[in-house]
Each structure stands twice: as C-alpha cells, then as structure tokens.
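Q: take this sequence and fold it.
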Amino acid sequence: MPDSSASTTPTRRRVGALLATCAVAAGLWAGPLAGPAAAEGAASRVVVEGVLAEDGTLVVTETISFTGAPPAEVEQRLETREDLVGDRQYVQEVSAVTGATGGTAATPAVSTEDRFTTLTLPTGGASEVTLGYTVTGAVVNLEGGETALRWPLLQGLSASVEEFQGTVQIPGAFSYVKCTAGPPNSTVPCDVASAGVEDSQVPTFRDGPRGQGEVVVVDIGFPAGAVTANEVVERRWTVGRAFSADPLPLGLALGLLVLGGIALLVMHRRRGADQTTATGELGRVAEFAPVAAGQSEFRVVDEIRPGHVGTVADERVDPIDITATLLDLAVRGHLLITELPRETEFARTDWDLTRLAGGDDLKPFERALLDGVAPEGGNVLVSQMADRVHASVGQVQDHLYDEVVANGWFERRPDATRNRWTQLALSGLVAAVVVTVLLAAFTTFGLIGLALIVLALGLVFVAQEMPSRTAKGSALLAGLGVLRSDLLSQPTGQMPPGRELEEISQVLPYTVVLGGSDRWLDALVAADTDAEADATDLSWYHGPTGWHLRDLPDSLRNFVTTLTGSLFSR
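A: Residues are numbered from 1 along each chain as shown. Coordinates of the predicted model:
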C-alpha cells in the first residue's frame, strides 16, 4: 500500500502557503487602519479657541498635545505685519501672553523682531502645553461698512501637527466663513470650515496634518455694525512712495523747478551779466599800425599785458596767463630763457631762466612773478622752480585781480565774487540734500527735494558766471575779439625789414593767450634767411649749440607745456 507520509507532505505545504498568504493580506488590510507612531517632537493635536469681542479684540487660547516625546520647548512665531497692495501694511499687536505646561501656569518668553512676535515656552517634559494671547488689529474694513476677522489660528509653530481643530466665539451674526491652509499665503481651503448649528453659531475649523510652520487662516465676515473694525494700516517706506509721482508732489516739484529756473536766470541777468556798452565801442588792446606801404608794426595800447588779457577774457587767472606773462617779460628784456642741451638723446629738455635788469615798466603782478621765479641777479632751472614759485603764484593772482578792478574792468574782484556765490550755492546744496532726506524719510514729497538739489546745482553753475564786467570791461572784451581776429588773419610777412624778429616776438605772448601762435612762429622761422646756427639770434630765447630758428616752434611749445606744469604742479 502506498506510503501515507508521502501523500501528506504536499498537503501540509499547500496549507502553510495558504496561511502565509492570509497573514500578508490581513496585514495589508489592517495597516491603513492602524495609527502611525507619533514622531518625536510632533504635536498629535492642536486645539485653538478664539473669542472675538464686539470691539474687534480677539483672545486666542491654543492647546498643544504630544503623544510622543515632547520637545524641550515650543515656539510660536506670529506674523504681525501683512503687506497690502502698494506700500501699505496691516499691523496687528499681540499682548497679554500667557502659558501653561501640564496644567501649571508658566510665563512664555516674548520677543519682537521686524514683522514677527515670537512666543517661546519650555515644555518641562509635559505632554500638553497651552499658549494664550490677545490680538488687536485683526478685524478689517470691507466695502459697504462690513468687516471681517482675518487671523491665522495656526501659524509659525515649531512642531508639525497631525490634527488641528479651531473654534471662534463671535458676538453676533456673520456673513460668511472661509478658511485656507498650507504654506504661508496658501489659497487651498481647509478640510472643514462650518458655521456651527443654528442655536449656537460658532464657526468651526478642522484640518491636518500640517507641517512645521504651516498655517490655518480663518476669514469670518460680519454685516455692518456687528463687529467694530480695529485695523491699523501703516505705510511702508519705499523709494516709489518717498518720491511719489502723484499729481500733487509732481506738480509742486515741476512748479518749483520752473520758478527756481526763472529766479536763477533773473539773478544772473541782474548780478552776473556784463554791463552794456555804447554801440560800436571797443576797448583797444593792440593793433598792427601801418608804418610804410605794405609794412606794419605791432603796438600795445595802454600797457595792457597778456596777463590782463587772459583775466578779462575768462574772469580767471589761469596757468596760461602766467606763462604768457613770463614770455612777455622775456621779450621785454627782464628775463632770458636759455634752452639747455640734453644730457642724452632721450633726456627731457630743461631751460635756465636768468633775471635781467630790464626797464622800470613792471606791473605789481609782473614784479611778484619775477621775484618768485628768479630773484634779481639770479637764475633758476625750470625743472627746479616748482617749489620756489608756488607761494608767489597766489600773490601774482591777487595782484592781477586787484589790477583788473583798479583799471575799471570789474567792479569787484572776480575771484571774490565767484567764491562768495559758490559758498552760497554749496550751502544751498547741503540744505537741499538734508531737506530731500527728510522729505523722503517722512513724506511722499521727495521729488520736491530733488528739485531743490537741481536748483542748488544750477546755482553752483551760475556762481561761476557771476563776476560781471563793467561797461569798460565789456568794451575791452569786444576789443579782445578784434585782436584775436587780427592775430589769426594779419599777414605775417608785413613786418618792417630788419625788425621781423623783434616785432614778431612782441606778438607771441598775446598769441599764447588768444590763439594763432603757430602762424607767427612760422613767420619767425621764415625770417631766418641763412644756414648758420641761430642759438643767440633772439634776444630773449637762446638755444643750445647748433640750434636754428626753425627749431623754435617745437622748443617754444615744449617750454610752454613744461613751464605750465611746473608752475601749477602740487
């Protein structure tokens, strides 16, 4: 007969497999019904009870329960500023903060930073903690006199939440009940937002689970007169608000610019414009006077020096004015300019300035310049004169400014007039900047401050034009225009024969100031009719051995450039 053990073995195997399959199925079916283990520090349940008064004050009591190991402390971060469209903000205030751990009263720590109020409460190992606070400013105005309570009953909690429940006791009828949940600014509806039953209309809200820091925001509307709005709306500082282009500030700023511009124009016309002269009146400076047929010589009128010319022309004593004065002193026999041979082919050129006896025709500014450059009987190298002449430059300028006033070309010293108006303009600029900062910080009229700054900058510019010439000075300025035209157009080959070098040399200092020096230097070169070296042909400029007059244009340009830099280097 067959072996019974052999037949029962496969049967046992089939039964075992069937039992294992049933066990897996039972596990899969029972798994979803079993509650997950509570994570350490996670809240299994948060119950929030709110009580809203007719004056809009909201009292919140929040009970947080932990089924797992509680965290060392619970932190609630309440946002008390809500940005609105534009530069406005709703501002809420949190006060009367209370707490309890395990039923025992405890005092939470409260800190405020920027737009958040943070409540921190140690748990002391308790599985249940309570936080309470009062909110003002959470009831806002709606259209038609209606109001609404808008406040996150759950927000900024330092623990995740498995289940949230919230209720709000309201003082009367309501218009609507809404609720959103999720990350801040979420628009996803809560799981449950109900109005309660007819006999007890208590808005109720349920949601969960929610992650750490997520929110549940309730929005309950009320008819007009049911709950008083206590919203607080503040303006945020923004560049757009501080410098608002609304009609009023923009119109005021534009009006200020127009009126201020007219005032600057009138001010310049009355205080800075040159006095007019009689029609056709010219102040003669120099001229090319005919001395024979096809011949003319250069004559200076009333001892008007190149330094005078430059100062009257631009109302300033410039470096080029002093350089032209030194050339003029050399031409008139008070100074000898000697170009020194270069030590190597690539070394820079240097000059020796030797003081000569000259005549007694020195103006005060010319004597001050000579004394500064080379004392009587002395000499100086251009490369070494910077430190010696800096102190005298200021004295030269003072004398020149005094002389243009003494000669009746200006009523007041141009530099003093310019400095006085510049100081006034800079003071106005500082005041305008201060006013702009204040207006931008505390008002929306910052554009007015910018208009004031523009006007102050305009005054800085106008201040440079405030020195005004007298009628005599205006006539001289017109005469300078004529002389400049002559220097640029007068035939250079009409100098008396045999005196070409002397006559053209007298012209050169004035061309340095007014222009046209190149054509007169070329005329000096053309006057050299022999092939011999001309190192000492000019009485006022000597060159090194082998130097010719044809080298003068380059030599003089180098001298003017180097001397100007040496005089005014620091």
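Q: A253 sits in which helix or strand?
A: Using DSSP states H and E, A253 sits in helix 247-267.
Q: got the buried residues for that helix?
A: By 16 or more other C-beta atoms under 10 Å, the buried positions in helix 247-267 come out as P249, A253, L256, L257, G260, L264. In this view, the C-beta of every residue, glycine as well, is placed from N, C-alpha and C.
Q: using TSV, lay out those together with distance to V218 and pLDDT.
A: Below are the buried residues of helix 247-267 laid out as TSV (distance: C-beta to C-beta, whole Å; pLDDT from 0 to 100):
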residue	distance to V218	pLDDT
P249	40	93
A253	45	95
L256	50	95
L257	52	96
G260	55	95
L264	61	94
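Q: re the thing from before, what's in contact with the very next helix or strand once past the helix holding A253?
A: As assigned by DSSP H and E, the chain's next helix or strand after helix 247-267 is strand 286-292. With C-beta atoms under 8 Å, 6 or more residues apart in numbering as the test, strand 286-292 has contacts from 296-301, 304, 483, 486, 490, 494, 496, 510.
Q: which ChimeraX command selects the buried ones in the residues you listed?
A: Buried members of these, defined by 16+ other C-beta under 10 Å, are picked up in ChimeraX with:
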select :296,297,298,300,304,483,486,490,494,510
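Q: kindly reformat the contacts of strand 286-292 as CSV containing distance to P414.
A: Converted to CSV, those look like this (distance: C-beta to C-beta, whole Å):
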residue, distance to P414
S296, 34
E297, 33
F298, 28
R299, 28
V300, 23
V301, 22
I304, 17
L483, 20
D486, 26
Q490, 30
Q494, 36
P496, 38
Y510, 21
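Q: now render the contacts of strand 286-292 as CSV, adding distance to G377, secondary structure and pLDDT.
A: Formatted as CSV, the contacts of strand 286-292 follow (distance: C-beta to C-beta, whole Å; DSSP: H, G, I helix; E, B strand; the rest coil; pLDDT from 0 to 100):
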residue, distance to G377, secondary structure, pLDDT
S296, 37, strand, 93
E297, 32, strand, 93
F298, 30, strand, 93
R299, 31, strand, 93
V300, 28, strand, 92
V301, 33, coil, 89
I304, 29, coil, 93
L483, 35, helix, 93
D486, 38, helix, 93
Q490, 38, coil, 93
Q494, 39, coil, 91
P496, 34, coil, 91
Y510, 29, helix, 95
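Q: name the nearest of the contacts of strand 286-292 relative to R413.
A: I304 (18.3 Å; C-beta to C-beta).
Q: and that closest one, what does it touch?
A: V285, A286, L476.
Q: the last one against G408, yeah?
A: No: here L476 does not reach G408: they are 9.2 Å apart, not a contact under C-beta atoms under 8 Å.
Q: quick one, which of those two is more surrounded?
A: Counted by other C-beta atoms under 10 Å, L476 and G408 do not tie: L476 has more neighbours, with 26 against 13.
Q: helix, strand or coil: sort out that one for me.
A: Of the three states, L476 takes helix under DSSP: H, G, I helix; E, B strand; the rest coil.
Q: once you drop chain neighbours, what's closest to it?
A: Distances taken as C-beta to C-beta, 6 or more residues apart in numbering place G283 nearest to L476, at 3.4 Å, with adjacent residues excluded.
Q: for the one you found, what are its contacts?
A: Taking C-beta under 8 Å, 6+ apart, we find G283 in contact with K472, G473, A475, L476, L477, A478, G479, L480.
Q: nearest the geometric middle of the protein, what residue?
A: V433 (11.3 Å; C-alpha atoms, centre = their mean).
Q: quick check: pLDDT value at it.
A: For V433, the model assigns a pLDDT of 97.
Q: can you pull out the low-pLDDT segments for the stretch 301-450 of the chain?
A: Scanning the stretch 301-450 of the chain for pLDDT under 70 picks out 387.
Q: redo the contacts of G283 as TSV? Include distance to V188.
A: Below are the contacts of G283 laid out as TSV (distance: C-beta to C-beta, whole Å):
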residue	distance to V188
K472	88
G473	83
A475	87
L476	86
L477	81
A478	84
G479	88
L480	84
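Q: okay, the residues you listed in CSV with distance to F164 and pLDDT next?
A: Shown next, in CSV, are the contacts of G283 (distance: C-beta to C-beta, whole Å; pLDDT from 0 to 100):
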residue, distance to F164, pLDDT
K472, 94, 91
G473, 89, 92
A475, 94, 92
L476, 93, 92
L477, 88, 92
A478, 92, 91
G479, 95, 92
L480, 91, 93
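Q: just the CA atoms of stretch 428-440, as CSV, please.
A: The C-alpha coordinates for stretch 428-440 follow below in CSV (Å, rounded to 0.1, in the frame of the first residue of the first chain):
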residue,chain,number,x,y,z
GLY,A,428,22.1,125.7,-0.5
LEU,A,429,23.1,122.3,-1.9
VAL,A,430,23.8,120.9,1.5
ALA,A,431,20.5,122.3,2.8
ALA,A,432,18.7,120.8,-0.3
VAL,A,433,20.2,117.3,0.4
VAL,A,434,19.1,117.5,4.1
VAL,A,435,15.6,118.6,3.1
THR,A,436,15.4,115.8,0.5
VAL,A,437,16.4,113.2,3.1
LEU,A,438,13.8,114.4,5.5
LEU,A,439,11.1,114.6,2.8
ALA,A,440,11.9,111.1,1.5
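Q: ok, back up a step: the residue nearest to the centre of the chain contacts L450, correct?
A: No: contact between V433 and L450 fails when scored by C-beta under 8 Å: they sit 10.1 Å apart.
Q: who does R77 bridge with?
A: Taking DSSP bridges as the rule, R77 bridges to T118.
Q: same thing with T98?
A: Beta-bridge pairing of T98 under DSSP bridges involves G132.
Q: that one: neighbouring residues, count only.
A: T98 - counted by other C-beta under 10 Å - has 17 other residues nearby.
Q: what do you get for V309?
A: Other residues near V309 come to 25 when the count uses other C-beta under 10 Å.
Q: about what we covered before: out of the contacts of strand 286-292, who's nearest T120?
A: Nearest to T120, judged by C-beta to C-beta, of the contacts of strand 286-292 is Y510 at 86.5 Å.
Q: would you mind measuring from that closest one to D518?
A: The gap separating Y510 from D518 is 14 Å, by C-beta to C-beta, to the nearest Å.
Q: again with D415
A: Relative to D518, and taking C-beta to C-beta, D415 is found at 31 Å.
Q: looking at those two, which one has more neighbours?
A: Using other C-beta under 10 Å, the more surrounded residue of D415 and D518 is D415, with 17 against 11.
Q: check contacts around that one.
A: By C-beta under 8 Å, 6+ apart, the neighbours of D415 are R316, V317, Q397, Y401, P467.
Q: if we can go back for a sec, now the buried members of the contacts of G283.
A: With burial judged by 16+ other C-beta under 10 Å, the buried subset of the contacts of G283 is K472, G473, A475, L476, L477, G479, L480.
Q: where do the strands of the stretch 51-200 of the chain begin and end?
A: 58-65, 73-79, 81-83, 88-91, 93-101, 104-106, 109-113, 116-122, 128-136, 139-141, 147-154, 164-169, 176-182, 192-194 (DSSP state E, counting those that start in this stretch).
Q: pipe those strands into a markdown table and attach distance to G208 and mean pLDDT per row.
A: Shown next, in a markdown table, are the strands of the stretch 51-200 of the chain (distance: least, C-beta to C-beta, whole Å; pLDDT from 0 to 100):
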| stretch | distance to G208 | mean pLDDT |
| --- | --- | --- |
| strand 58-65 | 13 | 96 |
| strand 73-79 | 17 | 93 |
| strand 81-83 | 24 | 86 |
| strand 88-91 | 27 | 86 |
| strand 93-101 | 23 | 94 |
| strand 104-106 | 26 | 93 |
| strand 109-113 | 27 | 92 |
| strand 116-122 | 21 | 94 |
| strand 128-136 | 17 | 95 |
| strand 139-141 | 26 | 94 |
| strand 147-154 | 9 | 95 |
| strand 164-169 | 5 | 95 |
| strand 176-182 | 9 | 94 |
| strand 192-194 | 10 | 91 |
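Q: mind putting the ones you listed in JSON lines, distance to R270 included?
A: Shown next, in JSON lines, are these (distance: least, C-beta to C-beta, whole Å):
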{"stretch": "strand 58-65", "distance to R270": "68"}
{"stretch": "strand 73-79", "distance to R270": "61"}
{"stretch": "strand 81-83", "distance to R270": "53"}
{"stretch": "strand 88-91", "distance to R270": "48"}
{"stretch": "strand 93-101", "distance to R270": "59"}
{"stretch": "strand 104-106", "distance to R270": "78"}
{"stretch": "strand 109-113", "distance to R270": "58"}
{"stretch": "strand 116-122", "distance to R270": "60"}
{"stretch": "strand 128-136", "distance to R270": "61"}
{"stretch": "strand 139-141", "distance to R270": "57"}
{"stretch": "strand 147-154", "distance to R270": "63"}
{"stretch": "strand 164-169", "distance to R270": "74"}
{"stretch": "strand 176-182", "distance to R270": "69"}
{"stretch": "strand 192-194", "distance to R270": "76"}
